[in-house]
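>>> Turn this into a model:
(one chain, ligands or ions: 1)
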Amino acid sequence: MKILVTGGAGFIASHVVDAYVEFGHEVVIVDNLSTGNLKNLNPKAKFIEADITDKDKIQAIIKSERPEVINHHAAHIQVGYSVKNPQFDAENNIIGLLNIMEAAKEIPIKKVIMAATGGAMYGNKKTPFTEEMKAEPLSPYGISKRAGELYLNYYHELYHIPFISLRYSNVYGPRQNAHGESGVIAIFSEMMAQGQTPIINGDGTHTRDYVYVEDVAQANVLALNSDFVGELNIGTKTEISTNEVFRKVAQAMGLVMEEKHGVERPGEQVTSSLDYSKATAILGWRPQVNFDEGVRRVVEWYRSK
Ligand SMILES: NC(=O)c1ccc[n+]([C@@H]2O[C@H](COP(=O)([O-])OP(=O)(O)OC[C@H]3O[C@@H](n4cnc5c(N)ncnc54)[C@H](O)[C@@H]3O)[C@@H](O)[C@H]2O)c1
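Numbering: from 1, shown residues only. This is a model prediction of the structure:
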């Protein structure tokens, strides 16, 4: 299959590209390298440097490449920055998607797969979150991802373009950017590998659902051959506190470290975990890599850098 992957120089989508290439698919990557890295590019994929907000360029690429599937991961991903600059977030995550879809409807496309958020989609509800719960995103980032899903539903209804939106929990693994505001495992691993003690925001009892990036890539592989149209949670249904992340990373590094706490970030969600039973029923997907093993692999990667 010919698949165009946006954001394929980034953390998650570079693993998706690797998995697609391994399964013998022809992959074209579009990325503006804003947070992506040339080092992440799979050498068997074709790379085109372009910004999805550049309507003429992205539409010309889609119309000339004519992919059978578009896997859309390019996005602005910082929740905090989306609060400071919602226009920038919407420009990338909503207008960028529309630029893609307006070209996609002109070619015989079979499917669009989009990376959405499970962590920032449901608001402050009782965990685990299910897809049946009302989407009530509390940040411009969550809103733009939900808007993306509604637009995909519109393109499905009007132009019969099937879509699957994969709502990820907190994804972690090798290649994650340790310099953003999210990705606590990457941030802790990089700091500890450099002999620094990371500061835990607040008392560290907030929990998140951490899913390993290769499991996420596998969901993107399974999504290719499914007739399902709609949203699926991709997570582990397990809540892990920031204090536990600190301890596990330190342990995997072979370090004995005192936890250091700083001020809590305002507006932080307290808990988050995703019920993934729908993804199991529909795609046959379930997480394979447990947290200890995933952290061990991340630490190994940081050590080998
Ligand atoms: N990391 C997570 O825990 C997580 C959780 C839920 C959803 N997601 C989603 O998964 C996707 C990938 O996230 P990631 O963590 O790999 O982040 P990332 O920053 O590593 O990847 C994003 C990629 O998109 C590219 N990009 C950004 N804006 C672009 C634009 N306007 N035009 C072209 N390319 C552009 C970047 O250069 C980068 O390579 C995003 O859509 C994100 O919202 C991530």
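>>> Give me every residue in the stretch 51-200 of the chain that's in contact range of the ligand.
When proximity is defined by C-beta under 6 Å from any ligand atom, the stretch 51-200 of the chain lies next to the ligand at 51-53, 73-77, 92, 96, 115, 117, 168, 170-171, 177. (Glycine included, C-beta is placed from N, CA and C.)
>>> quick one: which of the residues you listed is most hemmed in?
Within those, residue 74 tops the neighbour count with 31 neighbours, counted by other C-beta atoms under 10 Å.
>>> Now it: phi and psi?
Listed backbone geometry of residue 74 is phi -60, psi 130, with angles given as degrees, to the nearest 10.
>>> residues in contact with it?
The contact partners of residue 74, taken as C-beta atoms under 8 Å, 6 or more residues apart in numbering, are 6-7, 10, 13, 30-32, 52, 92, 96.
>>> between these, which is nearest the ligand?
Looking at those and their distance to the ligand, the nearest is residue 10, at 2.2 Å (C-beta to the nearest ligand atom).
>>> Give me the subset of the contacts of residue 74 lying in helices.
Counting by DSSP state H, those place 13, 96 in helices.
>>> which of the contacts of residue 74 lies closest to residue 232?
Checking those against residue 232 by C-beta to C-beta gives residue 13 as the nearest, at 17.3 Å.
>>> Isn't residue 93 up against residue 141?
Yes - counting by C-beta atoms under 8 Å, residue 93 does reach residue 141; the two are 7.3 Å apart.
>>> and stretch 225-240, which residues are buried?
226, 228-229, 231-240 (16 or more other C-beta atoms under 10 Å).
>>> Toward the C-terminus, what is the element adjacent to the helix ranked longest in the chain?
In terms of residue count, the longest helix belonging to the chain (DSSP H) is helix 140-159. Next along the chain after helix 140-159, taking DSSP states H and E as the criterion, comes strand 163-168.
>>> Can you name every helix or strand that that following strand contacts?
strand 111-117, helix 140-159, helix 213-224, strand 230-234 (3 or more C-beta pairs under 8 Å, 6 or more residues apart in numbering; DSSP states H and E).
>>> As CSV, could you dump the C-alpha coordinates of that strand?
Output in CSV follows, covering the C-alpha atoms of strand 163-168 (Å, rounded to 0.1, in the frame of the first residue of the first chain):
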residue,chain,number,x,y,z
PHE,A,163,-11.2,7.3,9.0
ILE,A,164,-9.9,5.9,12.3
SER,A,165,-8.9,8.3,15.0
LEU,A,166,-6.6,6.7,17.5
ARG,A,167,-6.9,8.5,20.9
TYR,A,168,-3.5,7.8,22.5
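>>> Flag the least confident of the residues of the stretch 51-200 of the chain next to the ligand.
When it comes to pLDDT, residue 177 is the least confident member of those, at 90.
>>> ok, back up a step: and the buried residues of stretch 225-240, which is closest to the ligand?
Closest approach to the ligand among these (C-beta to the nearest ligand atom): residue 234, at 8.6 Å.
>>> where does this structure have low pLDDT?
Filtered on pLDDT under 70, the chain yields no residues whatsoever.
>>> just the helices in it please.
Using DSSP H, the helices found in the chain span residues 11-22, 55-65, 79-84, 86-90, 96-104, 140-159, 184-193, 213-224, 242-253, 277-283, 291-304.
>>> How about the first one and the ligand, any contact?
Yes - shown here: helix 11-22 in contact with the ligand (C-beta under 6 Å from any ligand atom) through 11-13.
>>> would you list those in TSV and tack on neighbour count?
Shown next, in TSV, are these (neighbours: other C-beta atoms under 10 Å):
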residue	neighbour count
11	25
12	23
13	28
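>>> hang on, the earlier thing: select, out of the helices of the chain, the one closest to residue 205.
Comparison of the helices of the chain against residue 205 by C-beta to C-beta identifies helix 242-253 as nearest, at 6.7 Å.
>>> Quick one: distance of the closest one to the chain centre.
Relative to the centre of its chain, helix 242-253 is centred 22 Å away, using C-alpha atoms, centre = their mean, to the nearest Å.
>>> For residue 32, see how far away residue 75 is.
Residue 75 sits 11 Å away from residue 32, going by C-beta to C-beta, to the nearest Å.
>>> same question but for residue 87, I mixed them up
Between residue 87 and residue 32 the distance is 17 Å, computed by C-beta to C-beta.
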